[in-house]
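> give me a model of this one.
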Amino acid sequence: MSTDSSPAKGTRRIDRVLAEDYLSGLGSVDIAELRELRGEAEQEEVDLSYIRRMVQGRLDVIRAELNRRDGKGSGNLVEDLAAILADEPRGPARGLGRHVTVEPSRADSHRRYVEALVADVDLSDVAARSTDELAHAMRTLSEEEQTLSGKRREVQAVMDACSAEITRRYRDGEADVATILSEQS
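Numbering: from 1, shown residues only. Modelled structure (predicted):
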């Protein structure tokens, strides 16, 4: 699923961030390393969110086509595509309202990953697919969306632990804002 396969520690970023020992000794690492840990988790969360949004977009298109076939949608999928893919809420917001400061990495490989999920069903022309093919693609993508959401929540918990430790250090006087500002100059 994700994303970064850099040689450091010989594992993908998702594996590192969710490794049992990733947060080991969190209270004893220096602040720079702590920020690196949080940054790595943040990048993974952004990538997971990006992939999840791509999966959700494909689900929205399939759902719209199935609704059109059932007489519940409009007659023209192409004309309605902008509305189908609009950022309309799918229900009550459950996000954590995080301020994102990084962009997704490796967008092309993420796109290829999502396309490979349903490679047996060409979604570029959903109207030409059978209802069974679309239902299969819908199940596959729905399962992947659930998996991605679970991984994303796990990564967010890692980010929260790192942020909480950083906050504790500032609150307890173990870290100094002036030092951070001078390092950034």
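> show me where the protein has helices.
13-17, 31-69, 81-85, 107-117, 131-171, 177-184 (DSSP state H).
> pick out the shakiest of those, pLDDT-wise.
If these are sorted by mean pLDDT, helix 177-184 sits at the bottom with a mean of 64.
> report how many residues lie close to residue 67.
Using other C-beta atoms under 10 Å, the number of residues around residue 67 comes to 14. C-beta coordinates here come from the backbone N, C-alpha and C atoms, glycine included.
> could you measure from it over to residue 80?
Distance from residue 67 to residue 80, counting by C-beta to C-beta, to the nearest Å: 10 Å.
> also residue 18?
Residue 18 sits 39 Å away from residue 80, going by C-beta to C-beta.
> more neighbours: these two, which one.
residue 18 (18 against 15).
> how about that one, what does it touch?
Residue 18 is in contact with 151, 154-155, 158, counting by C-beta atoms under 8 Å, 6 or more residues apart in numbering.
> which among those residues end up buried?
Neighbour counting by 16 or more other C-beta atoms under 10 Å classes 151, 154-155, 158 among the contacts of residue 18 as buried.
> wait, which of those residues is closest to residue 169?
Ranked by distance to residue 169 (C-beta to C-beta), those are led by residue 158 at 17.2 Å.
> is the closest one in contact with residue 22, as I believe?
Yes - applying C-beta atoms under 8 Å, one finds residue 158 in contact with residue 22, separated by 6.4 Å.
> who touches both of these two?
Joint contacts of residue 158 and residue 22 (C-beta under 8 Å, 6+ apart) are residue 37.
> contacting residues around stretch 118-125?
58, 61-62, 128-129, 133-134, 136-137, 140-141.
> what about that stretch, start to end distance?
By C-alpha to C-alpha, to the nearest Å, the extent of stretch 118-125 from end to end equals 13 Å.
> if you count neighbours, what's buried in that stretch?
Buried, per 16+ other C-beta under 10 Å, within stretch 118-125: 118, 121, 123.
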